[in-house]
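Student: After the sequence you'll find the predicted model.
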Amino acid sequence: MPEYVKFTEDMIKTHTILIPDMLPVHFKLFISIFEGKGYKMELLQNDSRAVVDEGLKNVHNDACYPALLVIGQFMDALKSGKYDPDKTALLITQTGGGCRASNYIHLLRKSVAKNFPQVPVVSLNFSGLEKDSAFKITAPTFLKLLYAVLYGDLLMTCYNKCRAYELIKGSSKKTLDKWQKKLGDIFRSGSSGYLKTKKLYAQILDDFARIELSKAKKIRVGIVGEIYVKYSPLANNHLEDFLLSEGCEPVVPSLLEFVMYCAAGTFNDAKIYDKTTMNSRIYKLGYKLIYKKQRELIEAMKKQGSFEPLHDFEHLRHLADKYINQGVVMGEGWLIPAEMAALAESGVENIICAQPFGCLPNHIVAKGMSRAIKEANPEANIVAIDYDPGATRVNQENRIKLMLANAKK
């Protein structure tokens, strides 16, 4: 007998799959793709202190903070009475790498088995970690998810820029909602309309460019760090909203950079250890496809001219080589110093490095590389902010205010 309930084909029609809140812009597009395949999904929005308390109850205290939050958010949702446990499933991602994120699923299943044994836990991964689940990622689905990442990055970049300067409050959100619905409808329909990137990129850029913006000069603040805490409003105490309230422009690197970092890690290791495999060859081909798509988006942004293009990933790799070996791939590894260097190079000299409790690779690499980045970029103003169950929001915000005070000087 298995220790957990498996997600079966029959459950696709009967169960609602809950998704943790990590990337609000991107995940809504991902959900529309799976809804087009018949799945019912819901993005969780619960972010009260009860989420942290549930995490502390269900996860041992040496696990990393993202694990605590993801599991806490799921358990808080199941205990809220809003969902029928007999018709609910949970979806969690697995990177398949050395990060403990690949093992969250076992901690979650242990918590679920104790409280809601009938609830299946589904894995979203590209490493073949769950071979017996009815939740399959086919090649066409992978391609759609890739395009959803591209569109999500474009929307996130334009939205963050515009909402920092908008003259009519809410106009940026209105444009974001419009395009999330429009793209969601395209993905949900099952048509190939999402492939018309040249047309859709231009329309999205033009729509955001029409928003009336202030010409006031604001402090630009980059956000790097562990992937969950970097993007999740729940994990970073709504960091982007706080920066906006302080009169700053938040600058968040694209999700595609992390996707490409993961792909590059496989064929980089093959080169470093002189052991080329079929898997490393496939990842290298996948990387070339993704990089080509990134270049198309960058060129579209350059052509339109209203928004700063995404960082070219090959340039990020070149920057990383100045500071650290690309064999450092635990957690976000060499990607963090590369993103910090790219931000500083592009004029975003104020950088927050979001560090979750328990994420040792992030603490070691990010804090260890900060000095080297500052030496190469004397104007860089980098601060590491720790996020954990015992860290108060006031303390975090005061440290950021101190950083901003230095920036104003």
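Tutor: That came in fine, so what should we check first? As the structure is a computational prediction, the values presented were derived from the model and not from experiment.
Student: Gln118 belongs to a strand, doesn't it?
Tutor: No. For Gln118, which was evaluated using DSSP: H, G, I helix; E, B strand; the rest coil, the result is coil, with no strand membership.
Student: so it touches Ala89, yeah?
Tutor: No. Gln118 lies out of contact with Ala89 (CB atoms under 8 Å); the separation is 10.0 Å. Placement of C-beta: from N, CA and C, glycine included.
Student: Tell me which of these two has more neighbours.
Tutor: Applying other CB atoms under 10 Å to Gln118 and Ala89 shows that Ala89 carries more neighbours, namely 24 against 12.
Student: Would you mind pulling the contact partners of the helix or strand hosting that one?
Tutor: Of the helices and strands defined by DSSP states H and E, Ala89 is found in strand 88-93. For strand 88-93, the external contacting residues (CB atoms under 8 Å, 6 or more residues apart in numbering) are 7, 11, 15-20, 41, 70, 74, 78, 101, 104-105, 108, 112, 119-125, 135.
Student: Of the residues you listed, keep whichever come out buried.
Tutor: Among the contacts of strand 88-93, those buried by neighbour count (16 or more other CB atoms under 10 Å) are 7, 11, 15, 17-20, 41, 70, 74, 78, 101, 104-105, 108, 112, 119-125, 135.
Student: Take these and keep only those in helices.
Tutor: Applying DSSP state H to the buried ones among the contacts of strand 88-93, the entries found in helices are 11, 70, 74, 78, 104-105, 108, 112.
Student: Among the residues you listed, name the least confidently predicted one.
Tutor: Across the set of those, Tyr104 stands lowest in pLDDT, at 81.
Student: give me the element the closest residue to Val224 other than its chain neighbours is part of.
Tutor: By the measure of CB to CB, 6 or more residues apart in numbering, the closest residue to Val224 outside its immediate chain neighbours is Glu339, 4.7 Å from it. Mapping Glu339 onto the secondary structure by DSSP H and E places it in helix 335-345.
Student: Next SSE downstream of that helix?
Tutor: Downstream of helix 335-345 (by DSSP H and E), the next one is strand 350-356.
Student: quick one: that next one to helix 335-345, angle?
Tutor: 160 degrees (axes from the mean of the first three to the mean of the last three CA atoms, to 10 degrees).
Student: Does anything pack onto strand 350-356? Which helices or strands?
Tutor: strand 219-225, helix 227-231, helix 335-345, helix 360-376, strand 381-387, helix 393-408 (3 or more CB pairs under 8 Å, 6 or more residues apart in numbering; DSSP states H and E).
Student: for the stretch 101-250 of the chain, what spans make up the helices?
Tutor: Using DSSP state H, counting those that start in this stretch, the helices found in the stretch 101-250 of the chain span residues 104-115, 139-165, 171-189, 197-209, 227-231, 239-245.
Student: Could you tell me the angle between the first one and strand 88-93?
Tutor: An angle of 160 degrees separates the directions of helix 104-115 and strand 88-93 when computed by the same axes, to 10 degrees.
Student: Begin at 68, not 1, for the rest of this chat.
Tutor: Got it, the first residue is 68 from now on, which makes the last one we talked about helix 171-182.
Student: where does the stretch 368-476 of the chain have low pLDDT?
Tutor: For the stretch 368-476 of the chain, the stretches flagged by pLDDT under 70 are 476.
Student: rerun that using 90 as the cut-off
Tutor: Filtered on pLDDT under 90, the stretch 368-476 of the chain yields the residue ranges 394-400, 423-438, 444-446, 455-460, 473-476.
Student: Ok, the stretch 68-217 of the chain next?
Tutor: Screening the stretch 68-217 of the chain residue by residue with the criterion pLDDT under 90, one finds the ranges 68-76, 88, 91, 115, 126-134, 159-174, 189-207, 209.
Student: Using neighbour counts, pick out the buried residues of stretch 346-357.
Tutor: 347, 350-351, 353-354, 357.
Student: Just name the closest of those residues to Asp273, please.
Tutor: Of all the buried residues of stretch 346-357, Asp273 sits closest to Ile357, with 25.3 Å by CB to CB.
Student: how many neighbours does Pro207 have?
Tutor: Burial of Pro207, expressed as a neighbour count using other CB under 10 Å, amounts to 12.
Student: so how far is Lys107 from it?
Tutor: According to CB to CB, to the nearest Å, Pro207 and Lys107 sit 20 Å apart.
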